[in-house]
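Peer 1: any chance you can model this:
(one chain, ligands or ions: 3)
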Amino acid sequence: MNTATHIAIIMDGNGRWAELQGKNRVKGHEVGAQIVKEITTYCSNNKDIQRLTLYAFSTENWKRPKLEVEFLMKLLEQYLKRELPVYLENNVRFEPIGDLKAFSKSLQKTIKDVEEKTAHCDGLVQSLALNYGAQNEMLRAINKLKNTQETITLPMLSDALDCKQDVDILIRTGGDHRLSNFLLWQSAYAELFFTNTLWPDFTIGELESILKKFTKIERRFGGLK
Ligand code: IPE
Ligand code: IPE
Ligand code: MG
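Peer 2: Ligands and ions are numbered 1, 2, ... in the order given. Alright, predicted model coming up:
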């Protein structure tokens, strides 16, 4: 039976969820943040899951209206400050991935602070993908290695990436069937799950049903069974 150690989620559909209720798109992000907390807590109580990587803001999301981007930045800062005690209580280590230099100094400081204060936690790693794009991640990795004299190997490249662990289960909510520049390298052999559920409606029950399906999949990694 398979065990899932690394789960990655493209948390999509916040805006549509709010619009369906006649609310502003940002309301969907607010409720979405609450779901992040629930799913993280669930994963921290699951012995097999070591890492939960959540796509929160892509390198392409800067194209959105200024007000929405500003709201998302504020929400992220508030979330991290508010949730610090919850991370500690649940023994969750916070680890951001992405190109953080683009954020305000204050947000960068909050990110670093939560990362440092949870560094000793060893129950679950909650990795938030922030200004993350897989292409940008690979480009930065290649630039890190460009002056090395040796021939670059797969482990060397993998180690130069922000996220160094292969994905077992990749979930996308919101009904679209695409990866939108998320963990392209690490998902080489991930099992993909697409659901029409909009992220603010995603539940622990739906995650459990995905985990159950995953245990029965025959993963061959190119070999034969
Ligand atoms: C995902 O929800 C959250 C972020 C990209 C920040 P969306 O905001 O993309 O919601 P939809 O896809 O427009 O409904
Ligand atoms: C992917 O959702 C990014 C995040 C969930 C953070 P998008 O809504 O940005 O993706 P596209 O534009 O539909 O591909
Ligand atoms: Mg979307």
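Peer 1: switch to C-alpha atoms for all contacts and neighbour counts from now on
Peer 2: Fine.
Peer 1: check which element follows the lengthiest helix in the chain along the chain.
Peer 2: Ranked by number of residues, the top helix in the chain under DSSP state H is helix 66-89. As assigned by DSSP states H and E, the chain's next helix or strand after helix 66-89 is strand 92-94.
Peer 1: what does that next one rub up against?
Peer 2: For strand 92-94, contacts defined as CA atoms under 8 Å, 6 or more residues apart in numbering pick out 44, 87, 114-115, 118-128.
Peer 1: if we use 10 Å, what do you get?
Peer 2: Where contact means CA atoms under 10 Å, 6 or more residues apart in numbering, the residues beyond strand 92-94 that reach it are 40-41, 43-44, 50-52, 80, 84, 86-88, 111-128.
Peer 1: look at residue 21 and say how many residues are nearby.
Peer 2: Residue 21: 11 surrounding residues under other CA atoms under 10 Å.
Peer 1: begin at 15 from here
Peer 2: All set: I'll call the first residue 15, so the last point we hit is now residue 35.
Peer 1: what's near enough to touch it?
Peer 2: Going by CA under 10 Å, 6+ apart, residue 35 touches 41-42.
Peer 1: check which helix or strand covers the most centrally placed residue in the chain.
Peer 2: The C-alpha lying nearest the average C-alpha coordinate of the chain belongs to residue 68 (CA atoms, centre = their mean; 1.7 Å). Residue 68 is part of strand 65-72 when elements are defined by DSSP H and E.
Peer 1: partner strands of that strand, with direction?
Peer 2: Using DSSP bridges, the strands paired with strand 65-72 are strand 20-24 (parallel), strand 138-146 (parallel).
Peer 1: out of these, the one nearest ligand 1 is which?
Peer 2: strand 20-24 (7.6 Å; CA to the nearest ligand atom).
Peer 1: so how far is that closest one off the chain centroid?
Peer 2: Distance of strand 20-24 from the chain centroid (CA atoms, centre = their mean, to the nearest Å) equals 6 Å.
Peer 1: got the residues of this protein near ligand 2?
Peer 2: Residues of the chain lying close to ligand 2 by CA under 6 Å from any ligand atom are 24-26, 69-72, 75, 194.
Peer 1: tabulate those residues in JSON lines, adding columns for pLDDT and neighbour count.
Peer 2: Listed next are those as JSON lines, based on pLDDT from 0 to 100; neighbours: other CA atoms under 10 Å:
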{"residue": "24", "pLDDT": "99", "neighbour count": "22"}
{"residue": "25", "pLDDT": "99", "neighbour count": "23"}
{"residue": "26", "pLDDT": "99", "neighbour count": "24"}
{"residue": "69", "pLDDT": "99", "neighbour count": "25"}
{"residue": "70", "pLDDT": "98", "neighbour count": "22"}
{"residue": "71", "pLDDT": "98", "neighbour count": "21"}
{"residue": "72", "pLDDT": "99", "neighbour count": "19"}
{"residue": "75", "pLDDT": "98", "neighbour count": "14"}
{"residue": "194", "pLDDT": "98", "neighbour count": "15"}
